[in-house]
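**Q** whatever this is, show me its structure:
(chains A, B, C and D)
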Amino acid sequence: MKINCLAMILAGGQGSRLGALTKNIAKPAVPFGGKYRIIDFPLSNCANSGIERVGVLTQYRPFELHNYVGNGNAWDLDGRYGGVFILPPYQSTEGADWYRGTADAIYQNLNFIEMSDPSYVLILSGDHIYSMDYSEMLDLHRRKNADATIGVIEVPWSEASRFGIMETDESGRIEKFVEKPKEPKSNLASMGIYIFTASYLKRYLVMDAKDKSSEHDFGKNVIPAMLADRGRLFSFPFHGYWKDVGTIESLWQANMDFLAAKPPIDISGDRRIRSANQPVPPHYMGPEARVTSSIVNEGSIVFGTVEHSIISTGVRVAEGARVTNSVVMPFAVIGEGAVVDHAIIGQHTNIMAGAQVIGSEGAIAVTGEDELVTPESEARKAAV
Amino acid sequence: MKINCLAMILAGGQGSRLGALTKNIAKPAVPFGGKYRIIDFPLSNCANSGIERVGVLTQYRPFELHNYVGNGNAWDLDGRYGGVFILPPYQSTEGADWYRGTADAIYQNLNFIEMSDPSYVLILSGDHIYSMDYSEMLDLHRRKNADATIGVIEVPWSEASRFGIMETDESGRIEKFVEKPKEPKSNLASMGIYIFTASYLKRYLVMDAKDKSSEHDFGKNVIPAMLADRGRLFSFPFHGYWKDVGTIESLWQANMDFLAAKPPIDISGDRRIRSANQPVPPHYMGPEARVTSSIVNEGSIVFGTVEHSIISTGVRVAEGARVTNSVVMPFAVIGEGAVVDHAIIGQHTNIMAGAQVIGSEGAIAVTGEDELVTPESEARKAAV
Amino acid sequence: MDRREFWLNRLDEVNPKLKNVMGLVDLQQDSSYLGDLTKKRTIASLPFAGRYRIVDFALSSMVNSGIRNVGVLLPEKSRSILDHIRSGKDWDLARHHKGLCYLPPAPADNGRKEGDLKNYYANLDFIESNSEEYVLLARADCIYNMDFNPIMRFHENTRADVTIVVSPAAHDDMARGIVVKMAENGLVEDITVKPDIKKGEMRALGVYIARKDCFCSGVRRAYEHGGTDFRVDLVLEAFKNRTIFAYEHRGFSRRICSMLAYYETNMAMLQPDIWKEMFMREGHPIFTKVKDMAPVQYKEGSNVTNTLVANGCEIYGTVENSVLFRGVKIAPGAVVRDSIIMQNGFIQDNARTNCVVCDKNVVVSAGKVLEGAKTYPVFVGKNVRI
Amino acid sequence: MDRREFWLNRLDEVNPKLKNVMGLVDLQQDSSYLGDLTKKRTIASLPFAGRYRIVDFALSSMVNSGIRNVGVLLPEKSRSILDHIRSGKDWDLARHHKGLCYLPPAPADNGRKEGDLKNYYANLDFIESNSEEYVLLARADCIYNMDFNPIMRFHENTRADVTIVVSPAAHDDMARGIVVKMAENGLVEDITVKPDIKKGEMRALGVYIARKDCFCSGVRRAYEHGGTDFRVDLVLEAFKNRTIFAYEHRGFSRRICSMLAYYETNMAMLQPDIWKEMFMREGHPIFTKVKDMAPVQYKEGSNVTNTLVANGCEIYGTVENSVLFRGVKIAPGAVVRDSIIMQNGFIQDNARTNCVVCDKNVVVSAGKVLEGAKTYPVFVGKNVRI
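**A** Take a look at the predicted model:
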């Protein structure tokens, strides 16, 4: 059965810039916004855009991601021609290798793509928070009869040199693509979202794989090669909220963005962000609870004070505890009288009674998964 | 959530002894008996024994197996604490490696086992045809307070030296285990089915992983090490039909076994063998069809003659074609006047009008997947 | 470009999807024309072609055409249909968002005459609460494998208020139904409801497309003015001032309107080209409840020709021009000709059936002979042992 | 060792599983005691504790106890319950083999007096066709989180024909129910059906265990002798000569037998130890339909204490001793005390509610004040705007 569009999510390796938070889980499985995990965003976007078959490329603890994603049922991606497939490297008749770059990861799964037989392939990354209708981008791709279409967003000129920058003509056709230009001539940054016509992609991936000098990266190698051959590459401008959460600081900041009077994404409307739910009850606010400017998810129980923070599934904030400007990940416990400020508290971590985890803007404190923080232990600070 | 018993199926590598049949699919995905795939047997046995969580260890084209197995829904293995997990090698904080042996494959997935938190681990292989109630074996394991229990079957004395042979005392406790003994002192062969108490297994896998001289094989290394330490290892005798289908000859023979007047396994009763079904209609027998002593599955259409053969899903046997003593795998086409005898015809293969694929007992002819056999081309013969 | 336009523009492309259409399947069909066959079941749950039930054809056509939101109007006796459709998973309709929704029959109003229209009326709130702009209704008493996309395009292009799918009757048809007279462009000039239909007359296949607001206001108007009958009070009366077009379906289609039609339509599946059109169309499979039966065992001496055989059968004897449902057993020496043997039938040694329809679990004992005619098949009721 | 023994021996072990027990959930409870709360719904589908419905507690208890085969006796008005339970997937009961089966109400017999017993009788064929040897019946009008395994062991050990689960009534209970007198060992000495129940009396929680043959023969006997009422005609009459034991459930349990009981039982969930016993027991979660709402937004100035808050809420104002269901909005300056606000309620600026139960979609406009008493909460019907 030929499908229209197949999505491939580059979920990456261990995501070392997230440090302790990814000791036991892959980056896309990192909790976000009290209820979600990062991968909920691209998966929900796919479902909301009518794309029902998704490959997730990862080589780091794939079964935990699999355990979370299952067959995609939570996102209604488990239809007969759909499904979510976790794709670690595998052994083929031609041998086997770990993924050497974004393009190589896709290349190694060309068999999977052929099995799915799509007309178009949508490539996404697994560490961005945003809500986008890919079907509009796909529509542009078809109307322009493009070989490739790249999602772009305007960034402040001052930051443009941190991104892959596109120069386009009036029709949106891409003339030049420069990774991290020192003197950017445009502020249209690549979002790392690509739609390729499947056959075109395959041709370039096979060429790239043979090129021993290549780093096998879409931005550095494949897109430039396509442009060099005068391929029909177009840009698709995106105007909504879009945030890379690849670092502790940006992860914390993106969480805080959702505490604004008007959250940056409508996560509960028609194009809602879905997630795999656990059977937990409504949360309970104790007799002395004091919670303001915060987001609190199901299954938690709060007796203390929470201000401008995110309290995830199953968290317990004990009497007299004080959580401010922080993200408390699922099933963490904040003990009696403990103080948490400008911090990210990892899943299942126990901040014992009286302990303190205090960071500051620009130096967010982080505790990993399943840790025990006593009043004596000094919480590790994230390298920024 | 603690589960009672986790099953781990060693699905192996490319299964090269099945030659052309496993060019594009892993061995457990090889079709069997007209409707099934080899992995249906261990998966159905698990479901029928109340074991709902299953890991499938493979490093060869995992997504095709994933595509077939899905989340285990077809076997009712998709419950909240259940699920089927395809487990290729992955990258962990300690590095990454391909599976070096049966024990190493399990060792590399200790994290998965810990995540599932079972009391017992059942280890199975992915290339046996049989119907067995593992819960009886598990019950024996518990009643004997065993560290490990090994499924055994009596084999003819003349063949005993091809197997791992167990010597047991009266209570069934294993005293000695010898891989392929030249002069066997017992005819109790290991079926490659093990139940371990989870903590005990973990201890020995960790030890085995550190042993540089080990081949990391259960039969050769782990079981002997356990016996050397006087572990409580028991045998569980099995009396039903059990067939290794790791070679072309044995795969053909096992298929033929199901054509007996009384098939060796009751595949449709209470403990039925389940499989992931495709939406195909009842098969159609044409006006001149002549079918005897055969098994024919849904979705096929027969105009020719079929004798003592297995016709799988979606196969077409054209007018005047003659199929005898053969296994025709799904969606193969046997053209007009073609002759197939003592052969295995791979999936989607097209035997053109007038072509012949003729083997003999002991030298079964094989065509691979998606092949085209013309009257001119001589069908490849399997190495026996 | 609005959302609707966006999807409709795609219809000719790779992945046709009737995203803006909600499906309604009406299972409350009058089954008195089928005699004992439907004494204890609805037409919709009547077994067909070895492994299907009649409802599978309407449901599969919807799903294959891209409809993802289907309301099922349940009949009074709904257990067998609930057990067949279950979550809708086998039709890919078990979803968190949209998917299958059961619309159970409304309890009886005090003193008011009952009819099939009432259940539509009782469920208007559900129909209206959905976001789709169009309704595609299928009344589950016909056999077809239809792609609704071209019909939807036809509906759009003609700017019809209501589109009725019709086809010429293949035979005289003794059951009540809608017959239309239409102009060459499809514009309907007259609609009649007749107690019998002559061969060749353009009769409705029970498939209707309309804008949801048009459909709902029609139902409301018909019911609130005392209407009870879908055909007369809605299609004939309430839609009187609407622009109605008829779309002629040219593929295979049959109404299951009598025992003979049931018999002949099953037999039609024995023609390989019809078998292929119905069941083997790329992207248009007919889905049904998965039962996961073993493949068929043809034993030594079996002789089966021009026959449809479902899984789970075991055959020693001779079968010609017949349809065997799941789990049928034909003993040595038994001869089955021009017959339909439903689930778990057992034709014992040397028994013979000729032009017979056996309901589920029928046993024809050793040596017994049953003989009907092609124009008058003999029917044997459920669980009967002869 | 036969199959049954085999599984029962395991009960004390790691993975208790009532594999030999089929569950029956009866949703056709008399709801006249609850007034307007159940005017348009059954007790079983009454919203409870922020995100649940009453039926979730019986269903979850069955599933967590290891029951994998559950028949659901549907009430006359079944759409909301079909929409809530759907395939049973959220309770892990969407299975090919066993799993959930809907048993729709039997159509009315001509002239015969109706009652809840009839639906049991009409579905005996289904109950008997299943392989399990025991039936565990739960009538869905109670709140509990029960492990049925010890009750099953009790049933086995006492060699009872029928085991009834009871607990002393926490309050006077104005609804009709079964009261038992029992000996110390649990043997039932007398059963009565009373129109009201006094505090402390041992009243049935609607949970019964019996061998399937005993249960079915009782139903058959009761109905075929003209019986209509489950309690009187089956439990009192048909089981007269059976050995009946009562098992006292010592965990939390309440019958939802009046508006006040509904109010107080919701409020009981605000005690953290009861909240934990009901919802946070390892291996015994309460499952419900997944709606996937966003987490709760506590805005600047919000002040929420001793309150249960379901996802999807947005809170600017003050809430005390209350239960907020999904999607409730509390505007700035609004004060909600000792109240239950069901789904999508909107308490506007500076409005106040005190001891109020608001059904779904209620709007209390800016500045309005509603005040009831803890012993007499004010009820506001569905979709009302005040």
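
**Q** drop to CA atoms for contacts and neighbour counts, all remaining ones
**A** Noted.

**Q** got the residues of chain C near chain B?
**A** C:49-51, C:270, C:272, C:279-280, C:285-288, C:290, C:292-312 (CA under 8 Å from any CA of the partner chain).

**Q** from those residues, list just the buried residues.
**A** C:49-51, C:270, C:279-280, C:285-288, C:290, C:292-312 (16 or more other CA atoms under 10 Å in any protein chain shown).

**Q** out of those, which sit inside strands?
**A** C:296, C:297, C:298, C:303, C:304, C:305, C:307, C:308, C:309 (DSSP state E).

**Q** and the residues of chain C next to chain B near chain D, which?
**A** Of the residues of chain C next to chain B, not one also sits near chain D (CA under 8 Å from any CA).

**Q** quick one: contacts for the nearest residue to residue A:135 once chain neighbours are set aside?
**A** The shortest distance from residue A:135 to any non-neighbouring residue, by CA to CA, 6 or more residues apart in numbering or on different chains, is to residue A:49 (5.2 Å). Contacts of residue A:49 were listed using CA atoms under 8 Å, 6 or more residues apart in numbering or on different chains, and they are A:133, A:134, A:135.

**Q** which of those ranks first by neighbour count?
**A** The most crowded member of these, judged by other CA atoms under 10 Å in any protein chain shown, is residue A:134 (22 neighbours).

**Q** how close does it get to residue A:52?
**A** 12 Å (CA to CA, to the nearest Å).

**Q** quick one: common contacting residues for these two?
**A** Joint contacts of residue A:134 and residue A:52 (CA under 8 Å, 6+ apart) are residue A:46.

**Q** where along the stretch 51-200 of chain C do the strands fall?
**A** For the stretch 51-200 of chain C, applying DSSP state E, counting those that start in this stretch gives strands covering C:52-53, C:69-73, C:99-103, C:134-139, C:142-144, C:162-168, C:177-182, C:188-194.

**Q** the third one near chain A at all?
**A** No - in terms of CA under 8 Å from any CA, no part of strand C:99-103 sits within range of chain A; the closest distance is 9.7 Å.

**Q** same for that strand, what does it pack against?
**A** Under the contact definition 3 or more CA pairs under 8 Å, 6 or more residues apart in numbering or on different chains; DSSP states H and E, strand C:99-103 sits against strand C:69-73, helix D:79-85.

**Q** neighbours around residue 277, how many?
**A** Looking at chain A here, since you left the chain open. 16.

**Q** should've been chain C
**A** Using other CA under 10 Å: residue C:277 sits among 18 other residues.

**Q** mind checking the SS state of it?
**A** Under DSSP: H, G, I helix; E, B strand; the rest coil, residue C:277 falls in the helix class.

**Q** so what's it up against?
**A** C:145, C:252.

**Q** go ahead and confirm residue A:360 touches residue A:326.
**A** No - using CA atoms under 8 Å, residue A:360 makes no contact with residue A:326, being 10.1 Å away.

**Q** between the two, who's got more neighbours?
**A** Neighbours of residue A:360 and residue A:326, each counted by other CA under 10 Å, are more numerous for residue A:326; the result is 29 against 12.

**Q** give me the neighbour count for the residue lying closest to residue C:88 once chain neighbours are set aside.
**A** Counting by CA to CA, 6+ apart, residue C:94 is the residue found nearest to residue C:88 once chain neighbours are left out, at 5.1 Å. Number of residues near residue C:94 (other CA under 10 Å) recorded here: 24.

**Q** could I get the pLDDT score of residue C:94?
**A** What the model reports for residue C:94 is a pLDDT of 87.

**Q** in the stretch 201-350 of chain C, what residue is nearest chain A?
**A** Nearest residue of the stretch 201-350 of chain C to chain A: residue C:283, at 6.8 Å (CA to the nearest CA).

**Q** show me the contacts for residue 69.
**A** Since you didn't name a chain, this refers to chain A. Neighbour list for residue A:69: A:84, A:276 [criterion: CA under 8 Å, 6+ apart].

**Q** my question was about chain C, not that one.
**A** With contact set as CA under 8 Å, 6+ apart, residue C:69 has these partners: C:21, C:22, C:23, C:93, C:98, C:99, C:100, C:101.

**Q** contact partners for residue 371?
**A** In the absence of a named chain, this looks at chain A. Applying CA under 8 Å, 6+ apart, the residues near residue A:371 are A:346, A:348, A:349, A:350.

**Q** wrong chain, I was asking about chain C
**A** C:353, C:354, C:355, C:356, C:377, C:378.

**Q** try it again with 10 Å
**A** By CA atoms under 10 Å, 6 or more residues apart in numbering or on different chains, the residues touching residue C:371 are C:337, C:338, C:339, C:352, C:353, C:354, C:355, C:356, C:377, C:378.

**Q** with residue C:243 instead?
**A** C:158, C:159, C:160, C:161, C:162, C:163, C:187, C:188, C:189.

**Q** next, give phi and psi for the fourth one.
**A** Backbone torsions of residue C:161, given as degrees, to the nearest 10, read phi -80, psi -40.

**Q** thinking residue C:384 is in contact with residue C:361, fair?
**A** Yes - counting by CA atoms under 10 Å, residue C:384 does reach residue C:361; the two are 7.2 Å apart.

**Q** identify the contacts common to the two.
**A** Common neighbours of residue C:384 and residue C:361 (CA under 10 Å, 6+ apart) are residue C:345.

**Q** can you report how many residues lie near residue A:334?
**A** Based on other CA under 10 Å, the number of other residues close to residue A:334 is 31.

**Q** who does it form a beta bridge with?
**A** residue A:317, residue A:351 (DSSP bridges).

**Q** next one: it from chain D, what distance?
**A** 17 Å (CA to the nearest CA, to the nearest Å).

**Q** quick one, what contacts residue C:310?
**A** Here residue C:310 is in contact with B:281-284, B:296-299, C:49-52, C:293-296, C:323-328, C:342-343 (CA under 10 Å, 6+ apart).

**Q** let's go with 8 Å and repeat that
**A** With the criterion set at CA under 8 Å, 6+ apart, residue C:310 makes contact with B:281, B:282, B:283, B:298, C:50, C:51, C:296, C:324, C:325, C:326, C:327.

**Q** let me see the domain layout of chain C.
**A** C:3-279, C:297-380 (automatic domain parsing).

**Q** who has more neighbours, residue C:384 and residue C:361?
**A** Remark: of residue C:384 and residue C:361, residue C:361 carries more neighbours, 19 against 14, as counted by other CA under 10 Å.

**Q** rounded mean pLDDT for stretch C:127-141, please.
**A** pLDDT averaged over stretch C:127-141 gives 93.

**Q** in the sheet, who's paired with residue C:103?
**A** residue C:73.

**Q** neighbours of residue 264, how many?
**A** As the question left the chain open, I've gone with chain A. Neighbours of residue A:264 (other CA under 10 Å): 16.

**Q** not quite, I wanted chain C
**A** Neighbour count for residue C:264, taken as other CA under 10 Å: 16.

**Q** repeat for residue A:262
**A** Applying other CA under 10 Å, I find that residue A:262 has 9 neighbouring residues.

**Q** what ranges do the helices span in chain A?
**A** Using DSSP state H, the helices of chain A run over A:40-48, A:62-69, A:102-107, A:110-116, A:134-143, A:198-210, A:223-228, A:248-257.

**Q** tell me which residues of the longest one are tucked away?
**A** What it means is helix A:198-210. Of the residues in helix A:198-210, A:198, A:199, A:201, A:202, A:204, A:205, A:208, A:209 count as buried by neighbour count, 16+ other CA under 10 Å.

**Q** give me the pLDDT for residue 241.
**A** As the question left the chain open, I've gone with chain A. 96.

**Q** switch to chain C, please.
**A** 89.

**Q** then the one 10 residues further on?
**A** In this model, residue C:251 is scored at 93, pLDDT.
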